[in-house]
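K.L.:
Sequence and predicted model, in that order:
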Amino acid sequence: MADNPTKRTKSIKVYVFDDEKIAIENKAIATGVTASEYLRSCGLRRVLATKPPADLITIRATAGTLKSELMMLSHLTKETNNQQIINTVEIAIALVDKTIAAAFNLDPYKSPSSQQK
């Protein structure tokens with residue numbers, strides 16, 4: 001596509017409104033690239049995935065650890081055969097799944113592989 005892919009020498013001047021410039025810059029930041037790379041990717045039909053913020057990654061990791069603990073508790077409560085405790089733990093696990101899904105806008109009832117496009 002380019003004679004020397006390590007150095008770009010051509011430019012395209014694009015006029016935008018202030019709000020459009022802000023939106024483009026915000027989308028570029030969200031995908032972890034410069035505004036120039038973002039616009040090149042859009043123009044060349046490349047797909048850029050938005051990086052989740054660090055706090056969402058922390059939420060997912062913490063929720064995952066909580067789910068593991070709840071799963072162990074679930075196994076222990078099944079030994080006691082106390083249905084009320086079993087139901088409470090199962091509800092808590094479902095809430096953790098919903099929290100993880102909400103943090104990444106995922107459907108908790110679909111498999112992870114079917115959600116990545």
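P.N.:
Thanks, I have it. Treat the numbers as computed from the prediction; the structure is a model and nothing was measured. Residues are numbered from 1 along each chain as shown.
K.L.:
tell me the mean pLDDT for the longest helix seen in the chain?
P.N.:
Using DSSP state H, we find that the single longest helix of the chain is helix 54-80. Regarding helix 54-80, the rounded mean pLDDT is 87.
K.L.:
Buried residues in the helix or strand just after it, which are they?
P.N.:
Per DSSP states H and E, the first helix or strand lying C-terminal to helix 54-80 is helix 83-103. Neighbour counts using 16 or more other CB atoms under 10 Å place 89, 92, 93, 96, 99, 100, 101, 103 of helix 83-103 among the buried residues. Every residue, glycine included, has its C-beta placed from N, CA and C.
K.L.:
what packs against helix 83-103?
P.N.:
Using 3 or more CB pairs under 8 Å, 6 or more residues apart in numbering; DSSP states H and E as the contact test, the elements touching helix 83-103 are helix 54-80.
K.L.:
For residue 37, which non-adjacent residue is spatially closest?
P.N.:
Leaving aside its sequence neighbours, residue 37 sits nearest to residue 28 (CB to CB, 6 or more residues apart in numbering; 7.1 Å).
K.L.:
what's the neighbour count on that neighbour?
P.N.:
19 (other CB atoms under 10 Å).
K.L.:
Next up, the contacts around it.
P.N.:
34, 35, 37, 38, 39 (CB atoms under 8 Å, 6 or more residues apart in numbering).
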